[in-house]
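J.: The following block contains a protein sequence and its predicted model.
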Amino acid sequence: MKLRDPSLLRQAALVGGEWIEARPGAAIEVRNPATGDLVGLVPRLGAAETTRAIAEAEVAQKAWAARTAGERASILRKWFGLMMENQDDLGLILTLEQGKPLAEAKGEIAYGASFIEWFAEEARRVRGDVIPGHGRDKRIVVLKQPIGVVAAITPWNFPNAMIARKAGPALAAGCAMVLKPASQTPFSAIALAVLGARAGLPAGIFSVLTGSASEIGAVMTASPIVRKITFTGSTEVGAMLMQQSAPTIKKLGLELGGNAPFIVFDDADVDAAVAGALVAKFRNNGQTCVCANRIYVQDRVYEAFAEKLAVALSGLRTGNGQDDGVALGPLIDAKAVDKVEQ
């Protein structure tokens with residue numbers, strides 16, 4: 001399979017308004033988890049580039065916030081449209097670097113684009129409020145204003161949708177965003193930045209930094225310019241980000257690890273329970289924060305449930321996400337395999 005628009009697979013990071021190309025010897029390799037083939041290289045950036053991106057975001061954000069909600073909404077609508085026009089290419093890029101089946105990847109593109117579309121419209125409806133005061137000579141007026149520069153750290157399991165879900169509301173509200181995508185799946189983020197520039201996002205409003213998570217994250221949390229951190233990932237890293245952000249009193253939005261039992265009671269529709277278990281446990285090959293960690297089944301329906309589940313699982317084909325009929329792609333990397341085996 002080939003991309004219809006090869007420029008979407010750009011081996012570079014966007015720092016403010018400048019694209020920094022990957023250089024062999026100072027780059028991160030991104031490999032297809034199904035085949036081990038090299039997808040491409042991205043720059044190994046660090047503290048200096050992060051500081052620069054934040055500084056440029058601070059400048060750009062003021063002009064972006066000064067635009068009308070309608071102006072911002074118009075650009076976000078164009079971004080949404082470009083995402084949907086390039087759904088096939090974005091889905092292929094996602095499958096190449098993350099491994100999920102192509103149909104599932106294309107579904108994620110539409111899902112991610114829907115956040116951009118929704119928040120583009122919500123941007124027009126950010127209204128304040130007038131609240132009755134506690135005295136005759138008091139009037140309380142609530143104004144909603146953009147918080148400023150937002151730093152985002154996103155995971156590899158939904159490398160398009162998790163970015164769109166964070167960038168959509170931030171940009172609609174008039175904020176700027178500095179993004180650190182997962183090193184396993186940076187090309188989905190970079191492709192979104194390419195399309196964002198085509199849609200008219202001003203330089204500095206949406207940066208994509210690839211490289212050392214510890215270096216980039218440390219600058220994000222320490223910077224007084226960054227007023228909010230949004231993170232999806234493990235509870236351990238979320239706790240660390242909270243601790244590092246405390247001295248600058250940042251707002252945080254943390255979506256952390258799940259712990260989900262799947263429970264089948266003896267009055268359940270067993271066929272429906274099996275279908276639900278397949279979705280709950282095996283979506284994205286089990287690599288989501290809301291996947292079932294364990295299954296509890298009451299005694300009276302245990303045998304029937306186990307038998308039907310085994311039959312259903314036997315029909316799921318595992319393989320390269322680009323191949324027809326594949327329901328389960330690979331795990332993301334060797335560490336994920338080791339975790340399952342343990």
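T.: Happy to help now that I have it.
J.: All the strands of the stretch 51-200 of the chain, residue numbers only.
T.: Applying DSSP state E, counting those that start in this stretch to the stretch 51-200 of the chain gives strands spanning 129-132, 139-142, 149-153, 176-180.
J.: Burial check on residue 325, number of neighbours?
T.: When neighbours are counted by other C-beta atoms under 10 Å, residue 325 registers 8. The C-beta positions use only the backbone N, C-alpha and C, and glycine is treated the same way.
J.: Let me know the secondary structure of it.
T.: coil (DSSP: H, G, I helix; E, B strand; the rest coil).
J.: And the nearest residue to it once chain neighbours are set aside, how close does it get to residue 212?
T.: Computed as C-beta to C-beta, 6 or more residues apart in numbering, the closest residue to residue 325 that is not its neighbour in sequence is residue 317, at 5.4 Å. Taking C-beta to C-beta, to the nearest Å as the measure, residue 317 falls 37 Å from residue 212.
J.: and what of residue 325?
T.: 39 Å.
J.: What of residue 301?
T.: Counting by C-beta to C-beta, the gap from residue 301 to residue 212 is 50 Å.
J.: What of residue 144?
T.: In terms of C-beta to C-beta, residue 144 sits 35 Å off from residue 212.
J.: ok, the two, which is more surrounded?
T.: residue 212 (17 against 10).
J.: Please look at the more buried one and residue 48 and confirm they touch.
T.: No - using C-beta atoms under 8 Å, residue 212 makes no contact with residue 48, being 11.4 Å away.
J.: so where's the stretch 201-342 of the chain shaky on pLDDT?
T.: Applying pLDDT under 70 to the stretch 201-342 of the chain flags no residue at all.
J.: And the helices in it?
T.: Using DSSP state H, counting those that start in this stretch, the helices of the stretch 201-342 of the chain run over residues 213-222, 235-245, 270-282, 299-314, 334-341.
J.: For residue 16, which non-adjacent residue is closest in space?
T.: Per C-beta to C-beta, 6+ apart, closest to residue 16 is residue 56, 3.2 Å.
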